[in-house]
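J.: The amino acid sequence is not available; the structure is as follows:
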């Protein structure tokens, strides 16, 4: 059963071949390109469900590809997973802030790639599915209209900024956010949120979450995420 179409933009033939074999085994259709220009043209023609994008490409690089697609009205919502060399923290942060949905570091396991693809696609399907404003994450219940949070049936008193931070992360499990992305989305009313103060907010939030604090994870050199469940 075909699950959808994944475009792979990667200039290393061996890596492309490995990904194609694994994705086809999982039931996906694949498209491949070896340069940024070729990738953009292919994506505009075929409109795949998701893009696996290497950063280091001949011609226009992965950053330019990402920027081009995010400026295209028809393609700007397509999920993008970056593929980057290990240790390129600055590149990871730049890519996420430009609109990439996730990243994978080389070397990687093809099975991990498939898992991340499924996770990103699930997030996209759920993004607009619940208009009630209720977020259920593990034993954390977030009622956004009423501004109420319960953890293991215990009411938790959060500041406005802590509440927004928790809702932002828990509505996108597994999704890594840079501090600047968090600042842009939270915009605290009770606290002047800056990149530095995000760390302070997370510390305070973890204390109030008690046993559930471990679900708010630090991604070293990048930012924070709510742990992927299941």
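T.: Here it is on my side, so go on. Here the structure is a predicted model, which is why all the values come from computation and not from measurement.
J.: which residues in the chain form helices?
T.: All helices of the chain, identified by DSSP state H, fall at 13-25, 36-46, 62-70, 89-98, 110-126, 160-170, 179-186, 195-209.
J.: so which of those is the most packed in?
T.: Mean neighbours per residue, mean count of other CB atoms under 10 Å, is largest over the helices of the chain for helix 160-170, with a mean of 22. Every residue, glycine included, has its C-beta placed from N, CA and C.
J.: outside of it, which residues touch it?
T.: Here helix 160-170 makes contact (CB atoms under 8 Å, 6 or more residues apart in numbering) with 135, 137, 140, 142, 144, 147, 149, 158, 175, 177, 182, 185-191, 193, 198, 201-202, 204-205, 208-209, 216, 224-226.
J.: Give me the distance from that helix to the chain's centre.
T.: In terms of CA atoms, centre = their mean, to the nearest Å, the centre of helix 160-170 is found 16 Å from the chain centre.
J.: Now that residue 112 has come up, it's in contact with residue 103, right?
T.: No - applying CB atoms under 8 Å, one finds residue 112 not in contact with residue 103, separated by 11.9 Å.
J.: domains for this structure, by residue range?
T.: Following automatic domain parsing, one gets these domains for the chain: 4-126, 134-226.
J.: and the gap between residue 146 and residue 24?
T.: Remark: distance between residue 146 and residue 24 (CB to CB, to the nearest Å) = 47 Å.
J.: Also residue 221?
T.: Between residue 221 and residue 24 the distance is 34 Å, computed by CB to CB.
J.: Residue 154: neighbour count?
T.: Per other CB atoms under 10 Å, the neighbour tally for residue 154 reads 11.
J.: Run through the residues that contact it.
T.: With contacts taken as CB under 8 Å, 6+ apart, residue 154 has the following neighbours: residue 210.
J.: what's the distance between the residue lying closest to residue 96 once chain neighbours are set aside and residue 46?
T.: Closest residue to residue 96 apart from its sequence neighbours, by CB to CB, 6 or more residues apart in numbering: residue 178 at 5.3 Å. Between residue 178 and residue 46 the distance is 30 Å, computed by CB to CB.
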